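Asks: only geometry, no sequence info:
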């Protein structure tokens, strides 16, 4: 543990006072020392201060050691007027850019936020970043979700309570915006804390996560910032045109159920009561209640002929659910939150998303999410995302990569033979269906359910069969794929011994600290174990995706292509570009890898929207 040493606080209010900082920045870069950086921001509304598209820089803080820090106030105001003795953004930009843009290692806690604000302010950091928040999440491996700087710094540095409280004084009210001195103390402590955290976490990152952190997570960070700032254009007219008919259809569906059955179709209990009275076979929730979720309704739908009343009613409920989701989550929302850019006498709407780089599985999440856009009933949401004028989209999509990864980690001989003998046409779901004597869709259900630890009860509810039949399916499955059964047993024993699992690239996910072996008879332990085994597959897929994004982007730059990654889902990468032939070749080269003899094929398509139609 480090012991807190009170640093020297420097407020930069003139070009002369800026000179020592410039010297220290140059010296740090020359000696390959990290530079800790943090931005303070504000905006016309409180939320806008966290939004680089509406907010602006209030000030910037730096340190190159734990002994001394600098704060440059830029836009502090009092009574609506700019406070004197502050450098202009232009002056700071002209002095910093020749230094920061050419080289350096930049550290920060959630540094993607700082990187984006600086880019929007035309202050360019050399794109080599070290995020202490990402590092903490890797080291903790989901032991805790609390990795805020103020929360975890005391694990590594013995800091007086009064120093930690400087965070509160600057963030709980607006006084710091009118008092640069208050903000300087907070901002400099922020970069000093981050520097301490970097020194604390770096040895463990270097020892246990070197390749993953330095070849995937760190170079991905500035790439994600650039993806987010570039954004994706949406066709607002398309959403306007589909809105009215969708609203009319929603109205008609609600009216149909009200007039014919006397129920509110958006009420789950009322729908469940109606379908139970019709003896429609629905799944149950964990508590035993009737489920009218999408999975349950789709499963029930498959039991009926399209001409039956039951099929028509279930379809109408599904259509209503999809229309509701499409309107509230996408059609009404996207045009309102998109940035408006005036160009060539036309308003272009650019939607910016914000990626959460590291969550428990290693997968990324995003807000608003472009990763799960689908056709919602009659509405194809993806069709509203269009390339800029003169560009097209190229999407590279891994084909059934999860079961290929199961084959790699389990070394199951049946799976290996199938994928090695037929690397492009192998169909695991048809093979399982044949072995179990069921339909292909049910084979797919069993495949994914069992590798992630589903029970007899879960299988029986998902397939709509008895527990005895489910038990027989499980027995046949593991007799067919003995290597998968042995792998799952090994991993369960590993979890008992080490309390974590790892991806092929070493990303760990730990058993939660409040879950212990005495709980093995309870569902919570079982659920956590399933999540950890799931992590091996989905986490490895996430690692592969991140390596691919970084390497594709590097090749775009090396070949000087007019090409940009604009979004990603869990198993695909989409580029916006003017050179689809070259982009397709790069995606094929990077994404189509062979691991332990198992080929990972990629489907690549050129499109004029996100839609696959």
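Replies: Received, thanks. All of these numbers come straight from a predicted model, not from anything done at the bench.

Asks: how about residue 99: what's its closest non-neighbour residue?
Replies: Spatial nearest neighbour of residue 99, excluding adjacent residues (Cβ to Cβ, 6 or more residues apart in numbering): residue 25 at 5.1 Å. C-beta: built from backbone N, CA, C; applies to glycine.

Asks: neighbours of the one you found, just the number please.
Replies: Residues near residue 25, counting by other Cβ atoms under 10 Å, number 21.

Asks: same thing with residue 233?
Replies: Applying other Cβ under 10 Å, we find 21 residues neighbouring residue 233.

Asks: OK, contacts around it?
Replies: Applying Cβ atoms under 8 Å, 6 or more residues apart in numbering to residue 233 gives the contacts 348, 349, 350, 351, 385, 386, 387, 388.

Asks: next, the buried residues of the helix ranked longest in the chain.
Replies: Scanning the chain for the helix with the most residues, using DSSP state H, yields helix 523-558. Within helix 523-558, the residues that qualify as buried are 525, 528-553, 555-556, counting by 16 or more other Cβ atoms under 10 Å.

Asks: could you point out which element follows that helix?
Replies: Downstream of helix 523-558, the first helix or strand assigned by DSSP states H and E is strand 563-568.

Asks: report all helices and strands that that next one contacts.
Replies: Under the contact criterion of 3 or more Cβ pairs under 8 Å, 6 or more residues apart in numbering; DSSP states H and E, strand 563-568 touches helix 218-230, helix 523-558, strand 572-577.

Asks: next, the buried residues of the last one.
Replies: When burial is assessed from 16+ other Cβ under 10 Å, strand 572-577 yields the following buried residues: 572, 573, 574, 575, 576, 577.

Asks: quick check, nearest of these to residue 13?
Replies: Distance to residue 13 across the buried residues of strand 572-577 (Cβ to Cβ) is lowest for residue 576, with 42.8 Å.

Asks: drop anything exposed from the contacts of residue 233.
Replies: With neighbours counted by 16+ other Cβ under 10 Å, the contacts of residue 233 contain buried members at 348, 349, 350, 351, 385, 386, 387, 388.

Asks: which one of those is nearest residue 335?
Replies: Using Cβ to Cβ, those come closest to residue 335 at residue 349, 6.3 Å.

Asks: and that closest one, which of the three is it?
Replies: Here residue 349 is recorded as strand under DSSP: H, G, I helix; E, B strand; the rest coil.

Asks: any idea how far residue 393 is from it?
Replies: Taking Cβ to Cβ, to the nearest Å as the criterion, residue 349 is separated from residue 393 by 17 Å.

Asks: how about the buried ones among the contacts of residue 233 in CSV, adding pLDDT and distance to residue 300?
Replies: Below are the buried ones among the contacts of residue 233 laid out as CSV (pLDDT from 0 to 100; distance: Cβ to Cβ, whole Å):
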residue, pLDDT, distance to residue 300
348, 95, 44
349, 96, 39
350, 96, 41
351, 95, 36
385, 95, 32
386, 96, 37
387, 97, 40
388, 96, 44
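
Asks: nearest to residue 283, of these?
Replies: Using Cβ to Cβ, these come closest to residue 283 at residue 385, 33.2 Å.

Asks: my guess is the closest one contacts residue 370. True?
Replies: Yes - applying Cβ atoms under 8 Å, one finds residue 385 in contact with residue 370, separated by 7.4 Å.

Asks: overlap of the contact sets of those two?
Replies: Residues touching both residue 385 and residue 370 (Cβ under 8 Å, 6+ apart) are 232, 351, 610.

Asks: which among those residues gets closest to residue 302?
Replies: Ranked by distance to residue 302 (Cβ to Cβ), the shared contacts of residue 385 and residue 370 are led by residue 610 at 28.0 Å.

Asks: what sits against the residue nearest to residue 53 when sequence neighbours are not counted?
Replies: Closest residue to residue 53 in three dimensions, ignoring its sequence neighbours and counting by Cβ to Cβ, 6+ apart: residue 339, at 5.3 Å. Taking Cβ under 8 Å, 6+ apart, we find residue 339 in contact with 53, 231, 349, 350, 351, 352.
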